[in-house]
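In: Sequence plus the predicted model coming up.
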Amino acid sequence: MRFKQYKLAAVVMAVALVVAGCGSKNQLEIFTWWASGGEAAGLKGMTDVFTQDNPKTKFVNAAVAGGAGVNAKAVLISRMEAKNPPDTFQAHAGQEIASYIKAGNLEDLTDLYASEGWDKVFPAGLIKTLTIGGKIYGVPVNIHRANVLWWNPAAAKKAGITAAPKTLAELFADLEKFKKSGIDGIALAGNGDWAIAHLFDYTLLASMGPDKFNGLWDGTTSWSGPEVKAAIANFKKILSYGNSDKSLDWPTAGKLVTSGKAGFFIMGDWASAQWQSDGLKLGTDYTFAAAPGTVGIYQWLSDSFTLPVGAKHKEAALAWLKVCGSLAGQDTFNPLKGSIAVRTDSDPTKYDAYLQSAMADWKKDTLVGSTVHGVNMNNGFMAAYNTVVGKYYNGGAKDDAGFAMELADAFTANPNA
Ligand code: GAL
């Protein structure tokens, strides 16, 4: 009898411990692909704000390196399949987060929006891209711009370029000038395929304009039509001015520009944060413009954080999400990360000249989503898009028409649910 009582007490205690662990704040495992450079600096800025309010919570950084999450997302999906999710993870607003919502991986955060008043300080259009069936599933921490042209003013001057190219025709003329001055016209990052797909996504947009570009994702622009054909011809031409090493990661490719070995770099604005974390100066070591052919267009993406179903430290995760949406969190994180805040009450004086110009453009430009960074298409398509574009870049496609056909197949095989 006595033994039975002990046994019951032990079971009760074990259950209590498990329950306490589930809700507990003693630890927070956060999963991103922000493992180094400006990305890690941004994450640290945000975790410092979190630690001020939650000094007893042990922070477990589960970052998996690899730009655009090309490695991280595969690890994340297998962890969720194994019912071992992190306490919170990074997901892009749009079809990427929709992939997780539809798989039943995420908890509804609508109540948190109401209690934190985020519906009043986040743009309604952005909240929509995190909402399915009237429920909101992510807390956006930033807005990045994908279509930025970066260059080194000294190298440009040497090549006889004094102003940013505004059109594709001007871009091609300047690529030729860089070539004549003895350097590669454009820095290319082949590692992991995504940065080449990022360049291709920009080229589609610059070549056909926002309406036709958006039509690619709702099926109203054909992959076998003249617009895609013209875009592929432009892409091929841009690639021909690139560095010959096809294995560079994006920070290494970016260095070609800041060290004067290549002319232009078309990359999201995290490049600026990366260079600043290396001690380089905006305006002196590198400068920027809207990428040619996309002036007046803001190709956007937004990193958000989530509460996975089955998170082991839910209370800590909710505390983290509150920091992500807070003014202090956003205005600490974003100047380091190279992005602008989502909150409309953000303080512009905390941001550098590039980010202040991005803030102004975000308010007046035509907004178009990024495909490589989750806005337009689901996880399955993104992986296929990277592979198909990477294959073309590496000379694996039969020809341009074959490339267009593989893109069309990827689109048909991976519809947004
Ligand atoms: C994007 C992400 C950015 C940055 C970039 C390069 O997908 O939204 O925050 O991390 O990849 O890794």
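Out: In hand now; what should we look at? Numbers count the residues shown, from 1 in each chain.

In: what's residue 340 sitting at in phi/psi?
Out: Phi and psi for residue 340, reported as degrees, to the nearest 10, are phi -100, psi 160.

In: so it touches residue 358, yeah?
Out: Yes - Residue 340 lies in contact with residue 358 (Cβ atoms under 8 Å); the separation is 5.3 Å. In this view, the C-beta of every residue, glycine as well, is placed from N, C-alpha and C.

In: nearest spatial neighbour of residue 70, skipping sequence neighbours?
Out: residue 192 (4.5 Å; Cβ to Cβ, 6 or more residues apart in numbering).

In: Where does the nearest residue to residue 246 once chain neighbours are set aside sit: helix, strand or coil?
Out: Computed as Cβ to Cβ, 6+ apart, the closest residue to residue 246 that is not its neighbour in sequence is residue 190, at 3.9 Å. Following DSSP: H, G, I helix; E, B strand; the rest coil, residue 190 is assigned to coil.

In: how many other residues sit next to the residue of the stretch 301-417 of the chain found nearest the ligand?
Out: Residue nearest to the ligand within the stretch 301-417 of the chain (Cβ to the nearest ligand atom): residue 373, separated by 4.1 Å. The number of residues packed near residue 373 is 26, by other Cβ atoms under 10 Å.

In: give me the element the residue nearest in space to the middle of the chain is part of.
Out: Nearest to the mean C-alpha position of the chain, counting by Cα atoms, centre = their mean, stands residue 373 at 4.6 Å. Using DSSP states H and E, residue 373 is not contained in any helix or strand.

In: who touches it in this structure?
Out: Residue 373 makes contact with 68, 92, 96, 144, 146, 198, 268, 301, according to Cβ atoms under 8 Å, 6 or more residues apart in numbering.

In: wait, the fifth one sits on residue 299?
Out: Yes - in this structure, residue 146 is within contact of residue 299 by Cβ under 8 Å, at 4.2 Å.

In: more crowded one of those two?
Out: Ranked by neighbour count (other Cβ under 10 Å), residue 146 and residue 299 place residue 299 first, with 30 against 26.

In: residue boundaries of the strands in this structure?
Out: Listed in chain order, the strands found in the chain under DSSP state E are 27-31, 58-61, 88-92, 131-132, 135-136, 139-140, 144-145, 148-151, 184-186, 262-266, 287-290, 297-301, 303-305, 366-369.

In: that older thread, give the residues shared as contacts by residue 146 and residue 299.
Out: By the contact definition Cβ under 8 Å, 6+ apart, residue 146 and residue 299 are jointly contacted by 201, 202, 370.

In: Tell me the confidence at the last one?
Out: According to the model's per-residue confidence, residue 370 sits at a pLDDT of 99.

In: how about the residues of the stretch 51-200 of the chain that lie near the ligand?
Out: Contact residues, the stretch 51-200 of the chain versus the ligand (Cβ under 6 Å from any ligand atom): 67, 68, 69, 144.

In: Now with 8 Å, please.
Out: Taking Cβ under 8 Å from any ligand atom as the measure of proximity, the stretch 51-200 of the chain contacts the ligand at 66, 67, 68, 69, 90, 92, 142, 144, 194.

In: any idea how far residue 223 is from whatever residue of the stretch 51-200 of the chain ends up closest to the ligand?
Out: Per Cβ to the nearest ligand atom, residue 67 is where the stretch 51-200 of the chain lies closest to the ligand, at 3.5 Å. Noted for residue 67: a distance of 25 Å to residue 223, by Cβ to Cβ, to the nearest Å.

In: between the two, which one's more packed in?
Out: Taking neighbours as other Cβ under 10 Å, residue 67 and residue 223 compare with residue 67 leading, 24 against 19.

In: before we move on, back to that, what's near enough to touch the residue nearest to residue 70?
Out: For residue 192, the contacting residues are 66, 67, 68, 70, 71, 249, 386, by Cβ under 8 Å, 6+ apart.

In: count of neighbours near the nearest residue to the second one once chain neighbours are set aside?
Out: Spelled out, it's residue 67. Spatial nearest neighbour of residue 67, excluding adjacent residues (Cβ to Cβ, 6+ apart): residue 250 at 5.0 Å. For residue 250, the neighbour count with other Cβ under 10 Å is 25.

In: Begin at 23, not 1, for the rest of this chat.
Out: All set: I'll call the first residue 23, so the last point we hit is now residue 272.

In: Tell me if I'm right that residue 272 and residue 290 touch.
Out: No - if you go by Cβ under 8 Å, residue 272 and residue 290 don't touch, sitting 9.0 Å apart.

In: Which neighbouring elements make contact with the longest helix seen in the chain?
Out: Ranked by residue count under DSSP state H, the longest helix found in the chain is helix 216-240. Packing contacts for helix 216-240, counted by 3 or more Cβ pairs under 8 Å, 6 or more residues apart in numbering; DSSP states H and E, involve helix 248-261, strand 284-288, strand 319-323, strand 388-391, helix 401-415.

In: thinking again about what came up before, got the strands of the chain as CSV, with distance to residue 141 columns?
Out: As requested, these are exported to CSV (distance: least, Cβ to Cβ, whole Å):
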stretch, distance to residue 141
strand 49-53, 25
strand 80-83, 29
strand 110-114, 20
strand 153-154, 11
strand 157-158, 9
strand 161-162, 12
strand 166-167, 22
strand 170-173, 30
strand 206-208, 42
strand 284-288, 35
strand 309-312, 31
strand 319-323, 20
strand 325-327, 15
strand 388-391, 19
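
In: Show the contacting residues for residue 427.
Out: Applying Cβ under 8 Å, 6+ apart, we find residue 427 in contact with 245, 246.

In: Tell me where the chain is predicted with low confidence.
Out: Low-confidence segments of the chain, defined by pLDDT under 70: 23-45.

In: domain ranges for it?
Out: Following automatic domain parsing, the chain resolves into domains at 24-165+325-385, 167-322+394-435.

In: Which positions in the stretch 273-422 of the chain make contact with the ligand?
Out: 290, 292, 323, 324, 325, 359, 361, 394, 395, 396.

In: Other residues contacting stretch 298-306?
Out: 59-60, 63, 175, 280, 294, 297, 308, 310, 358, 360, 374-376.

In: cool, and stretch 76-96?
Out: Outside stretch 76-96, the residues that touch it by Cβ under 8 Å, 6+ apart are 47-58, 62, 65, 69, 72-73, 97-98, 108, 112, 211, 213-217, 220, 271-272, 338, 341, 394-395, 401, 405, 408.
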